[in-house]
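sequence and predicted structure below; questions after.
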Amino acid sequence: MDVEVPVENLIGEENKGWDYAKFLLGNERTGIARIGVSKERIRRIKELASKVESGGKPVIEIGASRKLAAVEIELRRSN
């Protein structure tokens, strides 16, 4: 769509509107993600995974730690 906007009304660089919109939408999603609740749930999962055993070892030592770490990294990026 061709839209003409007077130069004095431009916000940011010309033809970068969608990039700005994606950035704002990403921040909006982070704001409603309930990151604190997610962090608490991960803490609780770690606690339980260190107590529950499979094959004589805590499940936190059998691959669960990698998955939890990936989720924690994603939450930190969202912060």
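On my side now, so go ahead.

use CA for all of it now, contacts and neighbours both
Fine.

for the residue nearest to residue 61 when sequence neighbours are not counted, list the residues it contacts.
Nearest non-adjacent residue to residue 61, counting by Cα to Cα, 6 or more residues apart in numbering: residue 50, 7.8 Å away. Neighbour list for residue 50: 58-61 [criterion: Cα atoms under 8 Å, 6 or more residues apart in numbering].

at 7 Å what do you get?
Counting by Cα atoms under 7 Å, 6 or more residues apart in numbering, residue 50 makes contact with 58-60.

next: residue 60.
Per Cα under 7 Å, 6+ apart, neighbours of residue 60: 46, 49-50.

ok, those vs residue 74, which is closest?
Lowest distance from residue 74 to the contacts of residue 60 (Cα to Cα) belongs to residue 46, with 16.3 Å.

just the element for that closest one, please.
Applying DSSP states H and E as the criterion places residue 46 in helix 35-51.

next secondary structure element downstream of that helix?
Of the helices and strands lying after helix 35-51 in sequence (DSSP H and E), the nearest is strand 53-54.

partners of that following strand in the sheet?
strand 57-58 (antiparallel) (DSSP bridges).

next, the angle helix 35-51 makes with the following helix or strand past the strand it pairs with.
Tracing the chain past strand 57-58, the next element assigned as helix or strand by DSSP H and E is helix 64-78. On the basis of axes from the mean of the first three to the mean of the last three Cα atoms, to 10 degrees, helix 64-78 is oriented at 170 degrees to helix 35-51.

next, the buried residues of helix 64-78.
Buried residues in helix 64-78, counted by 16 or more other Cα atoms under 10 Å: 68, 72, 75.

check stretch 5-13 too.
In stretch 5-13, counting by 16+ other Cα under 10 Å, buried: nothing.

what do you get for stretch 50-58?
Buried, per 16+ other Cα under 10 Å, within stretch 50-58: 50, 58.

from one end of that stretch to the other, what's the distance?
Start and end residues of stretch 50-58 are separated by 5 Å (Cα to Cα, to the nearest Å).

what's the spacing between it and its chain's center?
How far stretch 50-58 lies from its chain's middle: 29 Å, per Cα atoms, centre = their mean, to the nearest Å.
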